[in-house]
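Enquirer: Provide a 3D model corresponding to the input given below.
(one chain, ligands or ions: 1)
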Amino acid sequence: MIKIRGLTKRYGEFEALKGIDLDVAPGEFLVVLGPSGAGKSTLLRCINRLCEPTRGDIHVDGQLVTDDSASLRKLRRQVAMIFQHYNVVPRLSVQKNVLTGRLGAMPSLLSWLQVFPRKDIAIAHECLKRVELDEKAELRTDTLSGGQKQRVGIARALAQQPKIILADEPVASLDPKTSRTVLTYLQQASRELGISVVCNLHQIEYAREFGERIVGVSAGRVVFEGGPDALTDDVLHRIYPGLDHGESSSSPMAAATAEPALRQFALEEA
Ligand SMILES: Nc1ncnc2c1ncn2[C@@H]1O[C@H](COP(=O)(O)OP(=O)(O)OP(=O)(O)O)[C@@H](O)[C@H]1O
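Expert: As a prediction, this is how the structure comes out:
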């Protein structure tokens, strides 16, 4: 479904991606795991052309993606995005937020007027059912919890009826129980609808639990590719260089797993 060859991205003199080769199969749930600054977001942003690759080719569903407008329009219809901070419109209802996922498929006058055909309202309702939020459709989105907002984010992505969902740290702002719930909805949608998911994560235990395949990225390179069982301590050292056995009384794996919690703590302190 996605074929990436020789993907390089430079920001000025700095090379954030250093020749990535990667394939994602139809319906696959792929987790991209790596430390902060490894290049995970840049990789997703290059796939959906939010940022322009410096070198390399990306094929989506057999078509080479280029920067011409027809190619980009097609890409935007096929690829949906889920963000760490949900990117919902707080004052809009839950249903309206989900309906924004339909805008790209609607005639431009209707989308400009934000008049949604009955068919699109039915699709939004169906997507809300998938994440068990249909009863909250009429509520303002800012009345929801973080986990519920991310479920709205998933429903909005599904409403787009995409072939691919790119999820950039979708649970980084959520507690562990809510994170599992959110990832489970995403996993179910991928399985039942055959959508390929590329999901950036920091948390090793979620990568193991939800990833059918895991790609480890470190300093802009793919340093590991394999199933969850192959994610050994040695592999974790490759993905998280500098992680040393003496750093923690527990295993390196636990130390790496703790990283997002530490980051969250730092944020709360800030
Ligand atoms: N617009 C930009 N301009 C300059 N440098 C950038 C830009 N975006 C990202 N970078 C740099 O590229 C590197 C990779 O960043 P990226 O956000 O892709 O990493 P990441 O693995 O997603 O990290 P995190 O998990 O913290 O989001 C980092 O060193 C970052 O500072």
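
Enquirer: show me which residues of this structure are close to the ligand?
Expert: Neighbours of the ligand within the chain, by Cβ under 6 Å from any ligand atom: 11, 14, 16, 34, 36, 37, 38, 39, 40, 41, 42. (C-beta placed from N, C-alpha, C; glycine too.)

Enquirer: in three-state terms, label residue 99 for me.
Expert: helix (DSSP: H, G, I helix; E, B strand; the rest coil).

Enquirer: from what I can see it touches residue 121, true?
Expert: Yes: with contact defined as Cβ atoms under 8 Å, residue 99 counts as touching residue 121 (7.0 Å).

Enquirer: have a look at those two and say which one is more surrounded.
Expert: residue 99 (24 against 15; other Cβ atoms under 10 Å).

Enquirer: which residue sits closest to residue 57, ignoring its sequence neighbours?
Expert: Nearest non-adjacent residue to residue 57, counting by Cβ to Cβ, 6 or more residues apart in numbering: residue 5, 5.0 Å away.

Enquirer: elements contacting the strand or helix carrying the one you found?
Expert: Following DSSP states H and E, one finds residue 5 within strand 2-11. Applying 3 or more Cβ pairs under 8 Å, 6 or more residues apart in numbering; DSSP states H and E, one finds that strand 2-11 contacts strand 14-24, helix 40-47, strand 55-60.

Enquirer: thinking again about what came up before, any of the residues of the chain next to the ligand buried? List them.
Expert: Among the residues of the chain next to the ligand, the ones that count as buried by 16 or more other Cβ atoms under 10 Å are 16, 34, 38, 39, 40, 41, 42.

Enquirer: which two of the residues you listed have the greatest separation?
Expert: 16 and 34 (11.9 Å; Cβ to Cβ).

Enquirer: which stretches of the protein form helices?
Expert: Using DSSP state H, the helices of the chain run over residues 40-47, 69-78, 94-99, 108-113, 118-130, 146-159, 176-193, 204-210, 233-239, 252-269.

Enquirer: including mean pLDDT, could the ones you listed go into CSV?
Expert: Shown next, in CSV, are the helices of the chain (pLDDT from 0 to 100):
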stretch, mean pLDDT
helix 40-47, 97
helix 69-78, 92
helix 94-99, 95
helix 108-113, 62
helix 118-130, 95
helix 146-159, 97
helix 176-193, 96
helix 204-210, 95
helix 233-239, 93
helix 252-269, 39
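
Enquirer: let's have these in CSV, adding distance to residue 20.
Expert: Below are the helices of the chain laid out as CSV (distance: least, Cβ to Cβ, whole Å):
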stretch, distance to residue 20
helix 40-47, 6
helix 69-78, 18
helix 94-99, 32
helix 108-113, 34
helix 118-130, 31
helix 146-159, 23
helix 176-193, 22
helix 204-210, 18
helix 233-239, 14
helix 252-269, 21
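
Enquirer: closest to residue 166 out of the ones you listed?
Expert: helix 40-47 (4.6 Å).

Enquirer: got the CA positions of the closest one in CSV?
Expert: C-alpha atoms of helix 40-47 as CSV (Å, rounded to 0.1, in the frame of the first residue of the first chain):
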residue,chain,number,x,y,z
LYS,A,40,9.2,9.6,13.1
SER,A,41,7.0,12.7,12.5
THR,A,42,9.1,13.8,9.6
LEU,A,43,8.5,10.3,8.0
LEU,A,44,4.7,10.6,8.4
ARG,A,45,4.7,14.2,7.1
CYS,A,46,6.7,13.1,4.1
ILE,A,47,4.2,10.3,3.4
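
Enquirer: packing partners of that helix?
Expert: strand 2-11, strand 14-24, strand 29-33, strand 55-60, strand 164-168, strand 196-201.
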